[in-house]
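Q: Provided below are the primary sequence and the corresponding predicted coordinates.
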Amino acid sequence: MSFNIIVGFVTPILFMSAIYTILICRLAKDVRRSRELLGAVTSTQRAKLRAIQAMVLVLALFVICWLPCHMLNLWTAIRGAPTYNFSSKVLHDASVHLAMSHHWLHTVIYPAYSRQLTNALRDTASCCFKKRYKRNRTIELQTRVLQANVSFTDLATGS
């Protein structure tokens, strides 16, 4: 049982922590250096800060989701096979469901921190809602054309 905890929890935590620490240090160093040079926060710096937030969130969610399951398994290995009463069954099921929720939580986290991924998902899902998507896309294109015409008119009149 302790082998499962080492392979399934401790090793990934150590690996992710080491890699994320290296990445966060490099990103933070770049942000500090460019902030000193430019004196203001740029969009690139904001993107790097969001990447740092996403990495910390991913690591924290891994610990929050998997720790209860592994601690319950360790407790079971130390104390022996539990008597299966209602509360131990509920606790075991809840810890397993929490551990499995880790996987689908990534589908919420990554689009929240990446506009490109959000746009790609929206374009991919648009095939399911073609009528609404085409109508919205047509209105968006018409708006852009009108804005371009207004800009062109402003340039032509010199105002």
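A: Looks like it came in fine. Numbers count the residues shown, from 1 in each chain.
Q: Distance-wise, check the closest residue in space to Gln45 that isn't next to it in sequence relative to Leu37.
A: The spatial neighbour of Gln45 that comes closest, neighbours along the chain excluded (C-beta to C-beta, 6 or more residues apart in numbering), is Val31 at 4.9 Å. All C-beta spots, glycine's among them, are computed from the backbone N, C-alpha and C. Val31 sits 11 Å away from Leu37, going by C-beta to C-beta, to the nearest Å.
Q: returning to that earlier point: the residue nearest to Gln45 against Arg46, yeah?
A: No - using C-beta atoms under 8 Å as the test, Val31 is too far from Arg46 to be in contact (9.1 Å).
Q: between the two, who's got more neighbours?
A: Between Val31 and Arg46, counting by other C-beta atoms under 10 Å, Val31 is the more crowded of the two (19 against 11).
Q: what helices or strands is the helix or strand that contains the more buried one leaning on?
A: Using DSSP states H and E, Val31 sits within helix 11-38. With contacts defined as 3 or more C-beta pairs under 8 Å, 6 or more residues apart in numbering; DSSP states H and E, helix 11-38 has these neighbours: helix 43-79.
Q: Which other helices and strands does the helix it packs on contact?
A: Using 3+ C-beta pairs under 8 Å, 6+ apart: helix 43-79 touches helix 2-5, helix 11-38, helix 86-113.
Q: buried sites along that helix?
A: Under the neighbour-count criterion of 16 or more other C-beta atoms under 10 Å, helix 43-79 has 45, 48, 52, 54-55, 58-59, 61-62, 65-66, 68-70, 72-73 buried.
Q: Between those, which sits nearest Phe86?
A: Nearest to Phe86 among these is Leu72, at 15.5 Å by C-beta to C-beta.
Q: ok, that closest one - contacts?
A: Residues in contact with Leu72 (C-beta atoms under 8 Å, 6 or more residues apart in numbering) are 91-92, 95.
Q: Give me the pLDDT value at the closest residue in space to His102 that isn't next to it in sequence.
A: Counting by C-beta to C-beta, 6+ apart, Cys65 is the residue found nearest to His102 once chain neighbours are left out, at 3.7 Å. For Cys65, the model assigns a pLDDT of 91.
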